[in-house]
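*Asks:* Please find the sequence and the predicted model below.
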Amino acid sequence: MAGKLLEINNLNVTYETDEAVVYAINGLNLTIHKGETLGLVGETGAGKTTTALSIMKLLPNKVGVIKDGEIILDGIDIINSAEQDMRKIRGNTVSMIFQDPMTSLNPILTIGDQIAEVLELHRKDMKRDEISKRVDEILKMVGLPPTRKNEYPHQFSGGMRQRVVIAMALVCEPKLLLADEPTTALDVTIQTQVLELMKGLKAKLNTAMLLITHDLGVVADICDRVAIMYAGKIIEMGAIEDIFEGKEHHPYTEGLFGSIPDLKKEARRLNPIEGLMPDPTNLPSGCHFHVRCKKCMDKCKLEEPVINSINLDNTHIIKCHLYNDIHR
Amino acid sequence: MMIEEKTITTANKSSTKRRGQIKSIWFRYKKNKLAMTGLILMGVLIFIAIIAPLIADYEQDAVSQNMKIRLQPPSIEHIFGTDQYGRDMFARIIFGARVSLAVGLASVVISSVLGILIGSISGYYGGMIDNILMRTMDVLLAIPSIFLAIAIVAALGPGLINLLIAMSISYTPGFSRIVRSSVLSVKNQEFIEAAIACGTKDNRIIFKHVIPNAIGPILVQVTLSIARAIIHVSSLSFLGLGVKPPMPEWGSMLAEGKPLMRDNQYLVVIPGIAIVLSVMALNLIGDGLRDALDPRLKN
Amino acid sequence: MLKYIVKRMVTMIPIILGISFLIFAILDLTPGDPARMILGDGATNEAVEALREEMGLNEHFIVRYFNYVKDAIRGDFGKSYRSRLPVFDEIFARLPHSFKLALGSILFVIIVGIPIGIISAVKQYSIIDTISLISAFLLTSMPGFWLGIMLILFFALKLGILPATGAGADSWRHFVLPSIALSGSGVAIALRMTRSSMLEVIRQDYIRTVRAKGAGETRIIVKHALKNALLPIVTVVGIEFGTLLGGGMIIESVFAIPGIGSMTVNAIRMKDTPLVIASITFSAIAISIINLIVDLLYVYIDPRLKTSIEQSSR
């Protein structure tokens, strides 16, 4: 197993306004190894985007607060890093791409300039013509003609704009790419293209990736491991074989999958579970899922479950009282 | 008579809706402290302007000259001092308030009525009429309003009535534009179609349905225009193109005081503050109205 | 692109003609006989009649207007009733002063209004923000000429560091106070618009992308936010230019600057119609040109507009 690239321990993040405190992330534990792709799955409001923003330390100023925990990226202590140091890391060691390509690009700068900007920020030793060459290179890699680099975002389609965004994120060959639902806003046909592109680039550059998504088909296609998130914490995590082929699952995961899909069968969409996500300003006691859980026991209402390891290697973990006594 | 009933109920609904709306608008307005300050300030100013003849005598204090007491700085007897002709500044200020407020209000009222007329006809009927009217308005709008006012005063000569005419004409294009766009946005709503469908006469539709729904932005514009008008009146009078002496007016008082301001600062400070306070009050009210009408617009 | 500019300049003509016609018509309705005014009350009726013939005053109104335009195109705007000198010369002699005043004002508006607006937006709700909003509000509640008077009172009479009038108008010092006074409302408007435009732009997704690239705040504000925020700011400053011309008349009077504005005011007082018509028409032309420049600036700032213009002129 390759070395650890990202380690998040017991992360707690809140959003604080005058009216309320939102408990967005509550004791999150996560690991990503070098070159590995971890899928982060969950309903809207689970805290997936917040997780990614916390790694980048891009939470909204003053409102978003990292209350507790540890984020170690490539040996760097993110939480205690100063803003100047973070600026050297963003776009360089770790990059992020966001959901909506239509609004992610500055409308009044050429795509070439926007890609070059990342190089100007992090490769100060590169000369202008070197930067220009590199921009051409990365454009070719994402499947866009370098001749179009002096055009503006509005002259490109959604899928092409997302490629530009990917180019910007990968031009400095970061060790980790955070992708927040990169294909959700695209047409289905374009989705496949962009995903293939990402798969290819990932392999070529050996970039680790945190892929936030709703789509289990995407997870099956591109991820090595999967983490399922609910109410600000990871409630199940494992290799895709464990998740897609294993027998034991968190009740929430079961709900998400409907019935456990076969790797060989076609990709399934998420089936919504009854009830709503808990109010993050007023989380339920004990296990946050107990209100919606079909297998809820008395213990679940009082005590928060611990992390239970389902197999010997500790690669498949489930946070549920049902598995407290599993020792395999 | 289903459609008729529908129109009546929709119209009734819209008027009860309106009454409820007015209440909630007032409620939101009250919450805004700055807006309330403006309202109170304006109330005080209007009150003083109205009771002016009770506090001071127009002929004696504000107009007739008394060279023996000229250029006296503020004192207990003359709280704002006297000007170079011995006239009591306080009296001149409060009578000046009448002029500024009256001309400001009158010119805006006239131009808003004209604007509503032109704007609603233009917006409602569209087509050729709209084209001609709006092109004319565009030409008028291409000239800054103060220019236009000056040009008209140039033609007619200075004096109160001419000033009023000039200012009314120069504000009308702005109002007609606003009314027209409000009308255009209301025109396409359902209850207008219903009203047309059962043969309601055009002017009835315009007056009873279209205009009341456009009142909001018009009111905001009216308030802010009165503020601008007060500045314009004083500017024109300052240049000698407004009211004729010896009528007291804040702008002309400033013009008279300027040559002597080195040693008699109060002559130019006090009328200026009067202008600033009145305009400020109106701006606060106008902004408050705008926020109360559509709180979503607030940043 | 060039086609667009030419098209716009051509459209300017009917508007300018319209304005000049309007002013001509308004002033023509002036009661009073110009010939008699020139010759004075003591003149004989024959003399007055002769002058009227010479000045073409007996022709029909429309004919006179056409003659006026015909001459104007050749550069002959008639002669001042007062001085009997060609109007064109009078305007041209005074043009530099008015221009310097306008330039000074616009510079002040841009250099003071926009940066403070940016700071206000970036530090929203801070003390600086509150103070600048209050100042902007006070500036819009103040007549420009009073601001001018107060500036004279304070800087010229009390402190004595700047001249009280622009008379002579030979050194730049004469233009400092007048420019500041004239820029009052412009600064307020620029400040407010910059602030609200920046606040909106900063919320946009692409700003978040730039942060994720590792850019610092300064780069974000100057290179990304400001350029995107510029459009409404330019609009509003462009409109303000028109107000500036009107206000310029008043400020020139306050500071006794020998410019076109003060000439116009005097001309109106003296009912010197040719001067008035010419200077107002001239201002209308200036405003139209500025509007065109503003529209061209739009295209320079926002490349999306260039595309739509080019597409529509195909």
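*Replies:* Alright, I've got the coordinates.

*Asks:* Give me the residue at the spatial middle of chain C.
*Replies:* With distances taken as CA atoms, centre = their mean, residue C:245 lies nearest the centre of chain C, 3.2 Å away.

*Asks:* Not including adjacent chain positions, what is the nearest residue to the residue of the stretch 201-328 of chain A found nearest chain C?
*Replies:* Nearest residue of the stretch 201-328 of chain A to chain C (CB to the nearest CB) works out as residue A:210 at 13.5 Å. For glycine as for every other residue, the C-beta is placed from the backbone atoms N, C-alpha and C. Leaving aside its chain neighbours, residue A:210 sits nearest to residue A:178 (4.9 Å; criterion: CB to CB, 6 or more residues apart in numbering or on different chains).

*Asks:* Tell me if the one you found really is in a strand.
*Replies:* Yes. Counting by DSSP: H, G, I helix; E, B strand; the rest coil, residue A:178 is found in a strand.

*Asks:* how much space between it and residue A:6?
*Replies:* Applying CB to CB, to the nearest Å, the value for residue A:178 to residue A:6 is 10 Å.

*Asks:* Please identify which of those two sits among more neighbours.
*Replies:* Relative neighbour count places residue A:178 above the other of residue A:178 and residue A:6, with 28 against 23, counting by other CB atoms under 10 Å in any protein chain shown.

*Asks:* in what helix or strand does the residue of the stretch 201-328 of chain A closest to chain C lie?
*Replies:* Secondary structure assigned from DSSP states H and E places residue A:210 in strand A:208-213.

*Asks:* who's in contact with that strand?
*Replies:* If you take CB atoms under 8 Å, 6 or more residues apart in numbering or on different chains as the criterion, strand A:208-213 is touched by A:5-6, A:32-41, A:48-49, A:51-52, A:55, A:175-184, A:198, A:202, A:218-219, A:222-223.

*Asks:* Determine the three-state secondary structure at residue A:311.
*Replies:* Under three-state DSSP, residue A:311 comes out as coil.

*Asks:* Let's see the pLDDT reported for it.
*Replies:* On the pLDDT scale, residue A:311 is placed at 75.

*Asks:* do the same with residue A:160
*Replies:* Turning to residue A:160, the model gives it a pLDDT of 93.

*Asks:* what do you get for the one 3 residues further on?
*Replies:* Residue A:163 is assigned 93 on the pLDDT scale.

*Asks:* Equivalent analysis for residue A:259, please.
*Replies:* The per-residue pLDDT reported for residue A:259 equals 47.

*Asks:* Also residue C:225?
*Replies:* Confidence at residue C:225, expressed as pLDDT, is 93.

*Asks:* Enumerate every residue touching it.
*Replies:* C:198, C:201-202, C:207.

*Asks:* ok, and the closest non-adjacent residue to it?
*Replies:* Using CB to CB, 6+ apart and skipping residues adjacent in sequence, the residue nearest residue C:225 is residue C:201, 4.8 Å away.

*Asks:* count of residues packed around the one you found?
*Replies:* Number of residues near residue C:201 (other CB under 10 Å) recorded here: 21.

*Asks:* next one: residue C:9
*Replies:* When neighbours are counted by other CB under 10 Å, residue C:9 registers 12.

*Asks:* Nearest residue to it in space, please, no chain neighbours.
*Replies:* Spatially, and ignoring its direct neighbours in sequence, residue C:9 is nearest to residue C:292 (6.9 Å; CB to CB, 6+ apart).

*Asks:* repeat for residue C:79
*Replies:* Spatially, and ignoring its direct neighbours in sequence, residue C:79 is nearest to residue C:86 (5.7 Å; CB to CB, 6+ apart).

*Asks:* Can you get me a residue count around that neighbour?
*Replies:* 17.

*Asks:* need the residues of the stretch 1-150 of chain B near chain C, please.
*Replies:* B:138-140, B:142-147, B:150 (CB under 8 Å from any CB of the partner chain).
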